[in-house]
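Asker: just coords:
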């Protein structure tokens, strides 16, 4: 191998390493997105644990439609902790002009009957955790939100 061929080979290897390192640094995956939070679709399971309490769970699925954001709400009363509840958007009877399973954001609220500390609300979908909350809001609720709504701006 001549000296110029060796230099050319070193340049190609160096450039390849530089590009690979750059892609690893920005976190690109095979889909080309940076982060993104995974697949937000289908049923969501809310789990509350870390103690004992009673209260209510509320879920709000939000969809982006041609007319803007559209929300669907379902409530589960008399929820006992520890426990879990699955929310299936197809069962909620979505009135939005959207595929029920292709939601953009989900927000689940646990409203305890009495002040209850040390609890954690965890949301899972598709086998993985998508959000959690362990710090109550000012009114004592635990609120976990996953995804975001595209407001068209």
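Answerer: Sure, I can see it. Nothing here was measured: the structure is a model prediction, and the numbers come from that model. Residues are numbered from 1 along each chain as shown.
Asker: domain assignment for the protein?
Answerer: 1-31, 44-147 (automatic domain parsing).
Asker: Give me whichever of those domains is most buried.
Answerer: For the domains of the chain, the largest average neighbour count (mean count of other C-beta atoms under 10 Å) is found in domain 44-147, namely a mean of 16. C-beta here means a position set from N, CA and C on the backbone, and glycine is covered the same way.
Asker: For the strand ranked longest in the chain, name the packing helices and strands.
Answerer: When the chain is parsed with DSSP state E, its longest strand is strand 44-65. Under the contact definition 3 or more C-beta pairs under 8 Å, 6 or more residues apart in numbering; DSSP states H and E, strand 44-65 sits against strand 68-87, strand 105-112, strand 120-125, strand 142-147.
Asker: any idea of the angle that strand forms with strand 120-125?
Answerer: Strand 44-65 and strand 120-125 meet at an angle of 60 degrees, taking axes from the mean of the first three to the mean of the last three C-alpha atoms, to 10 degrees as the criterion.
Asker: now strand 44-65 against strand 105-112, angle please.
Answerer: With the same axes, to 10 degrees as the basis, strand 44-65 and strand 105-112 are set at 140 degrees to each other.
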